[in-house]
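> let me see the structure of the following:
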Amino acid sequence: MSLIADIVRGDFQFTTDPPVVDWSESNLVLPAAMAPASPGPFSTERRPYMREILACGHPQSGVRSLTVTGGSQTGKTTCCILILAYRIPHAPGPTLILGNSEDWLRVEISDKRLAALIEANHCLRIHKPFDAHNFRKLAMQMSGGFIVFEGINSDTSTSGSTQRLVYICEAAKIVHHERDQAPEAHPIKLAFERTKEFRGLELQMMDFTPNTPNHLAWLTYLRGTQTHFHVPCPHCGHFFPFEFEIRKNGETVPEDEMETTLEEEQERAVSDHYRSLVWSPDARRADGSWDIPRVRETIRYICPKNGCEIHDDDKPGMLSKLQAVHHNPNALLSDRSFRIPSFYAPKVSFGDMAKEFLEKGDLLTTGLQNFYNSWLALPWSIYAFKIGDKHVNACIAGAEGGGTDKYARGVIPTRPLHLGLYADPGERATDWAVWALMPNGDLMAIQWGRLASEKALLDPDFLRSLRFPLAGTMDTMVPISGIVDSGWNTEEIYDICQASRGFLWPSKGDPTAKRGWNVTRAASRNRDELELYTYSDTELKDEMYGRRIQRRRGPRIIFPTDADSHLLTGFTNQTKDRQTGRWKEILNDHQGDCGKLALLHSQILRAGGIVKF
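Here you go, the predicted structure:
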């Protein structure tokens, strides 16, 4: 009776495959070809973040999509290869490995990694075919199914066979070639379509070093859980992710808010917005170059919570206590994505990160693209600045986090240092705006509109309409002076400014000028000379759109609560090309140009000692 019971019990006994990490650490040895710097028994001790990624490879994890983006020496490709190895004995099935070219796959993935790993480990080697001719570099016939390697951009690579597992190596290098006559989906999408016959059992996996924010690989990462690894401060215990820039509460700074120069970053090293790597300012030599040994000697990572100083010796202990945190809580847990900056690599020091940054220039040059992509695991935007609706709406008085009280159009909320009129004449109309310069340097839009021509700027009825109440008082105020852009109908603008008798002054922007503003002389047609203010258009836009509106640094640009689209549209969609350093020409940005002239006027008044802030 007991024998029968044992047989029946055995028929109904279910076994569970071992955890990926436990099995890998107990059974796998990494060959020198795969891990030249650390061959031997596999261990996650030095890279504990690999445990969470490897766990996603278990067939019972529920994960159907796994995306890993990482910096140099983080082991992102090793994680994917180990998952492939685990599935050979535990969840076998047809497997497809794709890359940018077959030659690259043959050498880097097949020879150096997967084939070498199989040969070095008996638990994998026993699944090879008896006939050695069936175990080739680009087609391995294993006991549970073929493992095939294909170049994804070849004519036939993304059509045909059904696969249980598809793995795309360095997915950000996959190029989508548009064809007008026969358009096709992105090769990555076509590749993952091969798993549809295994729906519910499939695993779509890719790793990559990011390049641009619009590539499908990066968009796939954003769609997933966006899992980051938070580490505890060794002094106060606060958990945060290792980042090059970080907010004080531990949130990652959006890529479009990165500072433009190292000097600004060092200045912000004690602020609420930048609490990452800092080093001694005396590491900068007199000629502007950096003393790298001095940087390495003085570098430390600043805790984003309490400002504790963290050194390289603290990093191993911090990594051993890391926690996986999903930064996209709305993602399905079947759609896992991870980002691993090189901060987490055990052999990369804080000094290495600083050295790589300093030797690439500043954040406006493409020399930093490799730093962003290969070290920070961030995409490299072609824009140094890009002003969207979110940036402009944040400038509206009373907006959440804006720090300003609400006020209505046509009302001055508090007594300003100066009230000015600014105009941008054009072929069809002249846009104008009244801006108030506040004691702290803030610029507040008070009123705006459009005139039929530049001559109407001196119309008595128009000038009489420019009287505005000062909130909380019985007083009213009128513009004291102003600036007019003279780029259109220049001689006419000169005449108008001359006739205004010191109320209006002409200005002219120069997109190629390097710095600041200057005062020159301009002659009107009646031969009387007047002052002409020339300025660096790029520098003013950097200050207004880049620093004040996008990054929200320094004195603010503020719009009334009831600001309309006429005003707000003039500030939206401004973009600066990272390579050329030029701001893109934008249609209908006349109100933005009026605001730019108000900023110029504030700089002129401050330099002349007329106002102080």
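
> burial count for residue 386?
Residue 386: 17 surrounding residues under other C-beta atoms under 10 Å. Glycine gets a C-beta too; all of them are placed from N, C-alpha and C.

> which residue packs closest to it, ignoring adjacent ones?
Leaving out its chain neighbours, the residue that sits closest to residue 386 by C-beta to C-beta, 6 or more residues apart in numbering is residue 575, at 4.8 Å.

> correct me, but the one you found touches residue 381?
No: here residue 575 lies out of contact with residue 381, judged by C-beta atoms under 8 Å, at a distance of 9.9 Å.

> ok, back up a step: quick one: the residue nearest to residue 386 from residue 297, how far?
Distance from residue 575 to residue 297, counting by C-beta to C-beta, to the nearest Å: 40 Å.

> more neighbours: the two, which one.
residue 575 (18 against 12).

> name the nearest residue to residue 235, ignoring sequence neighbours.
residue 308 (3.9 Å).

> sorry, wrong one. I was asking about residue 492.
residue 454 (6.1 Å).

> and the pLDDT at the one you found?
Looking at residue 454, its pLDDT stands at 94.

> what segments of the stretch 401-550 of the chain are helices?
Counting by DSSP state H, counting those that start in this stretch, the segments of the stretch 401-550 of the chain that form helices are 460-464, 490-499, 537-541.

> so for residue 18, which of these sits nearest?
Closest approach to residue 18 among the helices of the stretch 401-550 of the chain (C-beta to C-beta): helix 537-541, 59.3 Å.

> tell me the contacts of residue 443?
435-437, 555-558, 595, 598-599, 602 (C-beta atoms under 8 Å, 6 or more residues apart in numbering).

> a markdown table for those residues, including distance to residue 443 and secondary structure?
Listed next are the contacts of residue 443 as a markdown table, based on distance: C-beta to C-beta, whole Å; DSSP: H, G, I helix; E, B strand; the rest coil:
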| residue | distance to residue 443 | secondary structure |
| --- | --- | --- |
| 435 | 5 | strand |
| 436 | 7 | strand |
| 437 | 6 | strand |
| 555 | 7 | coil |
| 556 | 7 | coil |
| 557 | 6 | strand |
| 558 | 7 | strand |
| 595 | 7 | helix |
| 598 | 5 | helix |
| 599 | 6 | helix |
| 602 | 7 | helix |
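
> now, which of those sits nearest residue 468?
Once C-beta to C-beta is applied, the member of these that ends up nearest residue 468 is residue 436, at 8.7 Å.

> ok, now which ones touch the closest one?
412, 416, 418-419, 443-444, 446.

> and for residue 207?
67-70, 76-77, 79-80, 168-171.

> next one: residue 519
531-534.

> run a quick neighbour tally on residue 585.
7.

> hang on, it in a strand?
No: counting by DSSP: H, G, I helix; E, B strand; the rest coil, residue 585 falls outside a strand, being coil.

> show the pLDDT at it.
83.

> relative to residue 63, how far out is it?
Where residue 63 is concerned, residue 585 sits at a distance of 47 Å (C-beta to C-beta).

> also residue 120?
Where residue 63 is concerned, residue 120 sits at a distance of 27 Å (C-beta to C-beta).

> so for these two, which sits in the more crowded spot?
residue 63 (22 against 17).

> that one: what's it in contact with?
56-57, 203, 333-336.

> and which of the contacts of residue 519 is nearest to residue 290?
residue 534 (34.8 Å).

> is it true that the closest one touches residue 516?
No: counting by C-beta under 8 Å, residue 534 sits too far from residue 516 to count as a contact (9.6 Å).

> tell me which of the two has more neighbours.
Remark: of residue 534 and residue 516, residue 534 carries more neighbours, 18 against 12, as counted by other C-beta under 10 Å.

> report the two of the contacts of residue 436 separated the most.
Pairwise over these, using C-beta to C-beta, the maximum falls at 412 and 443, 12.6 Å.

> export the helices of the stretch 401-550 of the chain to a markdown table and tack on distance to residue 473, mean pLDDT and mean neighbour count?
What follows is the helices of the stretch 401-550 of the chain, written out as a markdown table (distance: least, C-beta to C-beta, whole Å; pLDDT from 0 to 100; neighbours: other C-beta atoms under 10 Å):
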| stretch | distance to residue 473 | mean pLDDT | mean neighbour count |
| --- | --- | --- | --- |
| helix 460-464 | 21 | 96 | 11 |
| helix 490-499 | 32 | 92 | 19 |
| helix 537-541 | 33 | 92 | 21 |
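
> so which of these gets nearest residue 211?
Of the helices of the stretch 401-550 of the chain, nearest to residue 211 by C-beta to C-beta is helix 537-541, at 26.6 Å.

> how about the CA coordinates for the closest one, as PDB?
Output of helix 537-541 as PDB, limited to C-alpha atoms (Å, rounded to 0.1, in the frame of the first residue of the first chain):
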ATOM      1  CA  ASP A 537      20.200  87.500 -28.500                       C
ATOM      2  CA  THR A 538      21.600  84.100 -27.500                       C
ATOM      3  CA  GLU A 539      22.600  85.300 -24.000                       C
ATOM      4  CA  LEU A 540      19.300  86.900 -23.300                       C
ATOM      5  CA  LYS A 541      17.400  83.900 -24.400                       C
END
